[in-house]
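**Q** What shape does this take:
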Amino acid sequence: MVPNRLRSARALLWGRYTASSVIAAAISEAAFLISYGLGALPVFASGIAWAAGAVPNYLLNRYWAWRQTGRADPSRELLPYAIIVIITAATAAAVTTVADAWLRDRVESHTWQVLLVGAVFLATYGFMFVLKFVLFNRYVFNGGQDDATRTPATRSRS
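**A** Coordinates of the predicted model:
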């Protein structure tokens, strides 16, 4: 059974991560819809959206969700973060490119194409949401957490 203090700390971390992700997703989605709506190919619109959301996502997660302070270690924090978010961005670019190609022959309205491909973009990030939490918690932001917010496997690593 998980002690109440640990459960509360995990719930608070999850809530801050969720809020950070919603903010970053809103920024990314707006950038995607604008750039794709103006004619950018899905792969470029996904890249623009990723660039718009990655920095706020990192900063909100590092400083607010996981309460990290001090200088980031490039190999233990920045590199794993970059790998995780670049894989997410590449996945979104691939999925939106497929959705765009499929919808071009089926939906005549440009507005509907933009909205539907935008929904696919957002759904990709939604799908990755839990996986990214686990990876961020275990491999990116684990260095400065108090024991209450780490999993037992993470606590044992030093």
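**Q** make it CA atoms for all contacts and neighbour counts henceforth
**A** Fine.
**Q** Which stretches in this structure count as helices?
**A** Assigned helices in the chain, in chain order: 4-37, 42-59, 79-104, 110-135, 152-156 (criterion: DSSP state H).
**Q** now the angle from the longest one to helix 110-135?
**A** Compare the direction of helix 4-37 with that of helix 110-135 by axes from the mean of the first three to the mean of the last three CA atoms, to 10 degrees and you get 150 degrees.
**Q** Quick check: buried residues in helix 4-37?
**A** Under the neighbour-count criterion of 16 or more other CA atoms under 10 Å, helix 4-37 has 9-10, 13-14, 16-21, 23-25, 27-37 buried.
**Q** any chance of the helices of the chain in CSV, plus distance to Ala72 and mean pLDDT?
**A** Formatted as CSV, the helices of the chain follow (distance: least, CA to CA, whole Å; pLDDT from 0 to 100):
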stretch, distance to Ala72, mean pLDDT
helix 4-37, 18, 94
helix 42-59, 11, 96
helix 79-104, 10, 96
helix 110-135, 17, 96
helix 152-156, 18, 41
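**Q** Ok, which of those comes nearest Gly70?
**A** Distance to Gly70, taken as CA to CA, is lowest for helix 42-59 among these, at 12.4 Å.
**Q** so what does that closest one touch, helix or strand wise?
**A** Helix 42-59 is packed against helix 4-37, helix 79-104, with contacts defined by 3 or more CA pairs under 8 Å, 6 or more residues apart in numbering; DSSP states H and E.
**Q** Put together a markdown table for those, with distance to Gly126 on each row.
**A** Shown next, in a markdown table, are the helices and strands packed on helix 42-59 (distance: least, CA to CA, whole Å):
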| stretch | distance to Gly126 |
| --- | --- |
| helix 4-37 | 9 |
| helix 79-104 | 10 |
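**Q** so which of those helices comes closest to Tyr58?
**A** Nearest to Tyr58, of all the helices and strands packed on helix 42-59, is helix 79-104, at 7.9 Å by CA to CA.
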